[in-house]
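> with the input below, show me the fold.
(2 chains)
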Amino acid sequence: MRFQDPLYGLTLRMLGSPQAAEDATQEALIRAWQRIDTFRGGSFKSWLFTIAANQARDELRRRARRPSTSLSAHADDPEMPDIDLPDTDPLPEAQAEQAELRAALEAALKTLPDDWREIVVLSDVHGMDYREISEVTGLALGTVKSRLSRARGRLREVIRGSRELHEAAERLGDRR
Amino acid sequence: MNRWQRRDLEAPSTPLERLEERLSAYLDGELTDAERSAVEVELAADAETRETLDDLRLVRSALALLDEGVRAPRSFAITAPAVRSGGGSPVLMRRLELFMRGSAAAAALFFVVAVMNQPTLMAPVASNDMATGTFAQAESAPVETLRAAATDDPAVTPMFAPDAMQPASAPARAMPAAPPTAGGEPGEGGVMGTAADGGLGGDAGALDAPKGNDVVPQPDADLMNTMLTPETATAPAQPGTFRDSDSSQGVGGVAPALATLAVLLAILSALTAWSRREESGR
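As a prediction, this is how the structure comes out:
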């Protein structure tokens, strides 16, 4: 199925738990099937993502109503798949830096507010433009733009911290 | 945090946040021509702005690669049963299974309680069959014979006496040759209907009961003629009138019904669990 991987990826990023993401994806696809007659043309991907995002948001609301572990608690979850960035640079140093950056980004994503995370994932992970995100989330374009920049700003701080840490380690290595 | 406070929080408040919003939109190609030109001027003039843009670009490209390793753990191809059930998701199926297990346990518990409180509920009621059999015999008799019997033949009369018409359950009630003897006390003997007999209860018993030394009442010929017209004689028994099985022993059916319900729910629960396992195994 063409869209199942991105849909699963979206719900996984939004919910943080593979089991919850699996349930939400399955439920979203069943709903899409049942409501296929409500699809009025346009982007089928956006339509599917809207259903999946709604499903994930419902689950987040359910979690908020009942006491449960936070999303960051899944950071050490052994069930959480090991998401690896593809290594495009053959140099070991660059690989190490990339792995460090990836880990830092993963951790930082989990600390974002749910609605910021949803938008940055839709935009930067799934490549949607502002209008599509507005369609999926039901938010105004201005709100999408604002939340996206705030989320990226927060992630930028993480990257800067990671880079500074890496530079400090390099300097330390040069002195020796 | 209310909606307005959240809105304030989201709006860029510092120069850096405003810069990041401009640069973020610039990266995404969401600025007007005029805005884009202004940003490019700013980028040409300020190294820190360029560095911020580089960072944001890095964030964007790193996030774009983030989900390349993510694969759905299984196929989510929708099966017909899942769609037909209107939500055959694992969560719903699991809830349904739990609900059925709980219901089966509750039904089984009620069954045990019902049997313990009234152990005779499960026992067969022989007297019912006898009484019903007697009346069934009466029903099958030809109308003319019955009419004649009601008016002429004293040997057959007791069967059609008002007593015999009662849906009594006591075996003595069903015996045609057991009219109350003279001098019998009210309420004595098998002919007497009691509330415990079921059926019409005390009123019927009072109707049946001969008082003291009264002569056994003979059926009124006109009344019997009215009662034994072909329509009434051949018509099926009306609920609550002649069929003993319709008498007030309704609770007797509760225990077997509960047992059946418990078994059915347990079977359904097992089927749901099996179906769910099959589904997740695909």
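> average pLDDT for the helix or strand harbouring residue B:92?
Secondary structure from DSSP states H and E places residue B:92 in helix B:90-117. Mean per-residue pLDDT for helix B:90-117: 79.
> and if you look at stretch A:156-169?
Stretch A:156-169 comes out at a mean pLDDT of 77.
> and that stretch, is it in reach of chain B?
Yes. Using Cβ under 8 Å from any Cβ of the partner chain, stretch A:156-169 reaches chain B at A:156, A:159, A:160. For every residue, glycine as well, the C-beta is placed using N, CA and C.
> map the structural domains onto the sequence of the chain.
You didn't pick a chain, so chain A it is. A:1-71, A:89-176 (automatic domain parsing).
> not what I meant, chain B
B:3-69, B:80-122+B:253-281, B:140-248.
> for those, which has the smallest mean pLDDT value?
Across those, the lowest-scoring stretch is domain B:140-248, with a mean of 45.
> next, the contact list for residue 31, please.
Defaulting to chain A. A:51, A:55 (Cβ atoms under 8 Å, 6 or more residues apart in numbering or on different chains).
> you answered for a different chain; I wanted chain B.
B:22, B:25, B:39.
> which of the helices or strands spans the first one?
With elements delineated by DSSP H and E, residue B:22 resides in helix B:15-27, which encompasses its position.
> wait, does that helix make contact with chain A?
Yes. Applying Cβ under 8 Å from any Cβ, one finds helix B:15-27 touching chain A at B:16, B:17, B:20, B:21, B:23, B:24, B:25.
> how many neighbours does the fourth one have?
For residue B:21, the neighbour count with other Cβ atoms under 10 Å in any protein chain shown is 19.
> buried sites along the worst-scoring helix or strand of chain A on mean pLDDT?
The helix or strand of chain A with the lowest confidence, counting by mean pLDDT, DSSP states H and E, is helix A:92-111 at a mean of 80. Neighbour counts using 16 or more other Cβ atoms under 10 Å in any protein chain shown place A:97, A:98, A:101, A:102, A:104, A:105, A:106, A:108, A:109, A:110 of helix A:92-111 among the buried residues.
> how about these, which pair is most distant?
A:97 and A:110 (20.9 Å; Cβ to Cβ).
> tell me the contacts of residue A:57?
Going by Cβ under 8 Å, 6+ apart, the list of residues near residue A:57 reads A:14, A:114, A:118.
> again but with residue B:273, I slipped
If you count contacts by Cβ under 8 Å, 6+ apart, then residue B:273 has residue B:97 around it.
> highest neighbour count among the contacts of residue B:31?
residue B:22 (22 neighbours).
> my read is that that residue contacts residue B:39, right?
Yes. Taking Cβ atoms under 8 Å as the definition, residue B:22 is a contact partner of residue B:39 at 5.6 Å.
> ok, residue B:13 - contacts?
Neighbours of residue B:13 in contact, by Cβ under 8 Å, 6+ apart: none.
> and it, how close does it get to chain A?
10 Å (Cβ to the nearest Cβ, to the nearest Å).
> again with residue B:266
Counting by Cβ to the nearest Cβ - residue B:266 and chain A are separated by 26 Å.
> in terms of helices and strands, where is that residue?
helix B:254-281.
> buried residues in that helix?
Those would be B:255, B:258-259, B:261-262, B:265-266, B:268-269, B:272-273, B:275-276, B:279, for helix B:254-281 by 16+ other Cβ under 10 Å.
> that helix vs helix B:90-117, what angle?
For helix B:254-281 against helix B:90-117, the angle by axes from the mean of the first three to the mean of the last three Cα atoms, to 10 degrees is 160 degrees.
> ok, of the residues of stretch A:156-169 next to chain B, which one's closest to chain B?
Taking Cβ to the nearest Cβ as the measure, chain B lies nearest residue A:156 of these, at 4.5 Å.
> in space, what's closest to that closest one - neighbours in sequence excluded?
Excluding the flanking residues, the one nearest residue A:156 by Cβ to Cβ, 6 or more residues apart in numbering or on different chains is residue B:55, at 4.5 Å.
> in this structure that neighbour contacts residue A:162, no?
No. The pair residue B:55 / residue A:162 is not scored as a contact, 10.8 Å apart, by Cβ under 8 Å.
> what is the end-to-end distance of stretch A:105-119?
15 Å (Cα to Cα, to the nearest Å).
> is it up against chain B anywhere?
Yes. Counting by Cβ under 8 Å from any Cβ, chain B has neighbours in stretch A:105-119: A:105, A:106, A:109.
> which residue, neighbours along the chain excluded, lies closest to the first one?
Using Cβ to Cβ, 6+ apart and skipping residues adjacent in sequence, the residue nearest residue A:105 is residue B:62, 5.6 Å away.
> how about the last one?
If the residues on either side of it in the chain are set aside, residue A:109 comes closest to residue A:117, at 6.0 Å by Cβ to Cβ, 6+ apart.
> do you know how far that neighbour is from chain B?
Taken as Cβ to the nearest Cβ, the span from residue A:117 to chain B is 11 Å.
> leaving out the residues flanking it, which one is nearest to residue A:28?
Nearest one to residue A:28, counting by Cβ to Cβ, 6+ apart, is residue A:52 at 4.0 Å.
> what about that neighbour, how many residues nearby?
The number of residues near residue A:52, taken as other Cβ under 10 Å, comes to 27.
> list the buried residues of the helix or strand hosting it.
Using DSSP H and E, residue A:52 sits in helix A:44-65. By 16+ other Cβ under 10 Å, the buried positions in helix A:44-65 come out as A:45-57, A:59-60, A:63.
> do the same with stretch A:159-167
A:159, A:162, A:163.
> would you confirm that the residue nearest to residue A:28 contacts residue A:24?
Yes. With contact defined as Cβ under 8 Å, residue A:52 reaches residue A:24; the gap is 6.7 Å.
> what is in contact with those two at once?
With Cβ under 8 Å, 6+ apart as the test, residue A:52 and residue A:24 both reach residue A:11.
> just list what the host helix or strand of residue A:145 packs against, helices and strands only.
Under the criterion of DSSP H and E, residue A:145 resides in helix A:141-175. If you count contacts as 3 or more Cβ pairs under 8 Å, 6 or more residues apart in numbering or on different chains; DSSP states H and E, helix A:141-175 packs onto helix A:92-111, helix A:114-120, helix A:130-137, helix B:3-10, helix B:15-27, helix B:47-66.
> now for those helices, which one comes closest to residue A:39?
So among the helices and strands packed on helix A:141-175, helix A:130-137 is nearest, using Cβ to Cβ, at 12.5 Å.
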